[in-house]
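Peer 1: whatever this is, show me its structure:
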Amino acid sequence: MKKSVLLLSVLILIFCSCKKDDPAPKTESILGTWYSTASVVANCTDEESNGDLTFSCPNGDCISYTFVEDSVAGEEVGEMILEQLYSYRRTTNGSTSNESGSFSLSAGKIELCIDEEGEVSCRTLDLVLSGDELSLTGTDQETDCKEVVSFDREASE
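Peer 2: Now for the predicted structure:
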């Protein structure tokens, strides 16, 4: 009788202590379109360049990034390569500049690379991603200006 009670207790304990597997942690994705909300420029050698700026995206002064992934055929038969691509658009006082290239992410950084007539140039920015908010920080090598630009993700339709 004691063995039956002990066995029953052990079985109950085993089943009660088992819990469902925790779901895999959700990985935040940078994919999508991001519109700037604010910019803070500091530490410039020319102090007049320091300051804050707010944006009125997407119809006024604005910075936007769109990040996508695309599969392309590789050199080997059946090989598919995943490319990470971005497009950048900046509108200031009615003047717009565009840029597009590839990107890669690693440990709080994003590297943006453009290929201009066979010459690849890259820049690396600090990246903080939290849900639908993105922050990119970079320093201009010529002016020492440190710029932090905040973005909101475009709402899904």
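Peer 1: every contact and neighbour count from this point should use C-alpha atoms.
Peer 2: OK.
Peer 1: mind listing the strands for the chain?
Peer 2: Taking DSSP state E, the strands of the chain run over residues 32-42, 51-54, 62-73, 80-92, 95-106, 109-116, 119-130, 133-139, 146-153.
Peer 1: save these as TSV, and put in mean neighbour count and mean pLDDT too.
Peer 2: Below are those laid out as TSV (neighbours: other Cα atoms under 10 Å; pLDDT from 0 to 100):
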stretch	mean neighbour count	mean pLDDT
strand 32-42	20	94
strand 51-54	13	91
strand 62-73	17	87
strand 80-92	16	87
strand 95-106	14	93
strand 109-116	16	93
strand 119-130	14	94
strand 133-139	18	95
strand 146-153	20	95
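Peer 1: now do the contacts for the residue most central in space within the chain.
Peer 2: Taking Cα atoms, centre = their mean as the criterion, I30 is the residue nearest the geometric centre of the chain, at 3.5 Å. Contacts for I30 (Cα atoms under 8 Å, 6 or more residues apart in numbering) come out as 67, 129.
Peer 1: can you check the one 5 residues further on too?
Peer 2: Residues counted as contacts of Y35 (Cα under 8 Å, 6+ apart) are 57-58, 62-65, 151-154.
Peer 1: and the residues you listed, which is closest to V77?
Peer 2: When the contacts of Y35 are compared for distance to V77 (Cα to Cα), Y65 comes out closest, at 33.3 Å.
Peer 1: any idea how far the closest one is from E83?
Peer 2: Y65 sits at a distance of 16 Å from E83 (criterion: Cα to Cα, to the nearest Å).
Peer 1: what's the answer for T96, then?
Peer 2: Note on T96: its distance to E83, by Cα to Cα, is 26 Å.
Peer 1: same question for V148.
Peer 2: 27 Å.
Peer 1: number of nearby residues for T143?
Peer 2: Using other Cα atoms under 10 Å, T143 has 12 neighbouring residues.
Peer 1: does it really touch E48, like I thought?
Peer 2: No. Between T143 and E48 there is no contact under Cα atoms under 8 Å: 11.5 Å.
Peer 1: now the common contact residues for these two.
Peer 2: The contact lists of T143 and E48 share no entry, where a contact means Cα under 8 Å, 6+ apart.
Peer 1: who's T54 bridged to?
Peer 2: T54 forms beta bridges with A38, as assigned by DSSP bridges.
Peer 1: understood, closing this out.
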